[in-house]
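K.L.:
coords please:
(2 chains)
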Amino acid sequence: MPQRQKVLVLYLANSALDAPTVAWAEYDGTGETRRMAGDADAAPYRTGVDALKDGWRLFQAAQILPHARGEEFDLAYLKYEFFFEKIVETAG
Amino acid sequence: MTDVPLLSALDMARFTARGFLRFDAVVPDEINAQFLAEAGQAKPPEPGRKMLGTYMELLANSGVPEVPPGVPLSSAYPQGSALQRLLDLPLVKGAIQSLVGADPVFDHHFLHVTFPPAYYEAGGGEHVSQHTHQDSTVDPQAGFDLQIMYYPHKVTREMGGTRFVPGTHLRKVSEVALGRYQNIAGQQHMVCEAGTLLFLHNGLWHGGGVNHSDRTRTMFKIRMSPTQPQVRRFDLSTLPAEPAERPIFFVKRFLPESVEAILMTPEPWFEQDTGRLEYVNRIKLWRHLTGDPAYDTDYWLTRLENPARAHA
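P.N.:
Predicted structure coming up:
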């Protein structure tokens, strides 16, 4: 059976995997669902650990980086990004 | 003295904290109808006609003029046109004057039309929402441009509406580099009556929602820039002489609404540590808008700027 990857991205309120979710995204390599910007106002999981409990495998976590001197107050992108995957078998 | 209703200190604080002000159904129906007639309508879907062609034809036939960037906003639109009449509304003039001064220059405008599924079925292309983004490019300046989003007809949730994320305007990001974030806690969708206006800080994260209805959705955006510093342009009679005194952390009671309470209200998407930096950046913007370089609330910058700690 061919395999496809589903990707879940959670942005958490701090660097701990059991911190609350503040933003999220899902990408489905099976083509069965098509998630897009603005399609859900409620998070799929309350925390990153809740995603683990549902079978998602963590494969990347954002580093915790020091703050450049003089730029300590500058904010840009969301900081605590966690990538999860599920590998699923498809009919082909 | 001014003859238009300027924004109050509380409204300015709301804009400072959240990056937007919303005015529901404030444009008269007559102007809304005039605008929709002047803007024009997209032709019905035809098999094989692509979306880009439909859009280009709509713009080419629109009665909204082409306007070069950098001209005075006051000369951008013909007298008597719907857009000039909109800009002449006292509420609109007062809000513009409060945020970017009385004589802003025109930056750009655009007729945003979101199409229902039938157009994609006829002409191809994927029927999806717009990625969340910040307009223009990375903007490190203290001040801001103002973007007015005008909704000339009723917008239902089924029609998508503009999606925006309150409080994101002070983050220095590069346009759609943040497109990966599909959904953010606290995001809002513009579901509104005809004649609603959304005044946005140019840094606010936003995107067009997908239109699942059976009619086109129209929004018109005008961006304008200040020609003078954005300092003390609002109704100063409403600005308290001193910040409201507030206990911090150890608080026994609900604190009344004030500039300080508004500036210190978090958004649902705030990270726990950078949420505090959002407060710092709001205080810095408030200092700029009020011309008060010593302003502080809840001790955030006083603590960090303690002169006794400045020397090793």
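K.L.:
gap between residue B:81 and chain A?
P.N.:
32 Å (Cβ to the nearest Cβ, to the nearest Å). (Glycine included, C-beta is placed from N, CA and C.)
K.L.:
spit out the contact partners of that residue.
P.N.:
Residues in contact with residue B:81 (Cβ atoms under 8 Å, 6 or more residues apart in numbering or on different chains) are B:34, B:38.
K.L.:
next one: the residue of chain A most remote from its centre relative to residue B:8, how far apart?
P.N.:
Residue farthest from the centre of chain A, counting by Cα atoms, centre = their mean, is residue A:70 at 30.2 Å. To residue B:8, residue A:70 is 35 Å away according to Cβ to Cβ, to the nearest Å.
K.L.:
and residue B:165, by the same measure?
P.N.:
24 Å.
K.L.:
show me which of the two is the more surrounded one.
P.N.:
When neighbours are counted by other Cβ atoms under 10 Å in any protein chain shown, residue B:165 and residue B:8 differ, and residue B:165 comes out ahead with 28 against 17.
K.L.:
I'd say the more buried one and residue B:201 touch.
P.N.:
No - contact between residue B:165 and residue B:201 fails when scored by Cβ atoms under 8 Å: they sit 11.8 Å apart.
K.L.:
which stretches of chain A form helices?
P.N.:
For chain A, the helices defined by DSSP state H cover A:48-53.
K.L.:
ok, chain B next?
P.N.:
B:9-18, B:29-39, B:51-61, B:82-87, B:90-100, B:117-123, B:259-263, B:274-290, B:300-304.
K.L.:
quick one: low-confidence ranges for chain A?
P.N.:
The model of chain A has pLDDT under 70 over residues A:92.
K.L.:
now the strands for the chain?
P.N.:
By default, I'm working from chain A. A:3-12, A:21-28, A:57-61, A:81-89 (DSSP state E).
K.L.:
wrong one, chain B
P.N.:
B:20-23, B:105-114, B:146-151, B:162-164, B:183-184, B:188-189, B:196-201, B:206-208, B:217-225.
K.L.:
and residue B:260, which of the ones you listed is closest to it?
P.N.:
Nearest of the strands of chain B to residue B:260, taken as Cβ to Cβ: strand B:20-23 at 18.7 Å.
K.L.:
specify the beta-bridge partners of the residue nearest to the spatial centre of chain B.
P.N.:
Taking Cα atoms, centre = their mean, the centroid of chain B lies closest to residue B:200, which sits 1.1 Å from it. Beta-bridge pairing for residue B:200 (DSSP bridges): residue B:20, residue B:147.
K.L.:
pretty sure it contacts residue B:147?
P.N.:
Yes - the criterion here is Cβ under 8 Å, and residue B:200 meets it with residue B:147 at 4.4 Å.
K.L.:
doesn't residue A:24 make contact with residue A:10?
P.N.:
Yes - with contact defined as Cβ under 8 Å, residue A:10 and residue A:24 form a contacting pair (5.3 Å).
K.L.:
okay, those two: which has more neighbours?
P.N.:
For residue A:10 versus residue A:24, neighbours defined as other Cβ under 10 Å are more numerous around residue A:10 (27 against 23).
K.L.:
count the residues that sit near the residue in the stretch 201-312 of chain B that chain A sits nearest to.
P.N.:
The stretch 201-312 of chain B approaches chain A most closely through residue B:269 (4.4 Å), counting by Cβ to the nearest Cβ. Using other Cβ under 10 Å, residue B:269 is surrounded by 23 other residues.
K.L.:
swap in the one 10 residues further on?
P.N.:
By other Cβ under 10 Å, the residues close to residue B:279 number 20.
K.L.:
got the contact list for it?
P.N.:
So residue B:279 contacts B:263, B:264, B:298, B:300 (Cβ under 8 Å, 6+ apart).
K.L.:
stretch A:69-80 near chain B anywhere?
P.N.:
Yes - applying Cβ under 8 Å from any Cβ of the partner chain, one finds stretch A:69-80 touching chain B at A:72, A:73, A:74, A:75, A:76, A:77, A:78, A:79, A:80.
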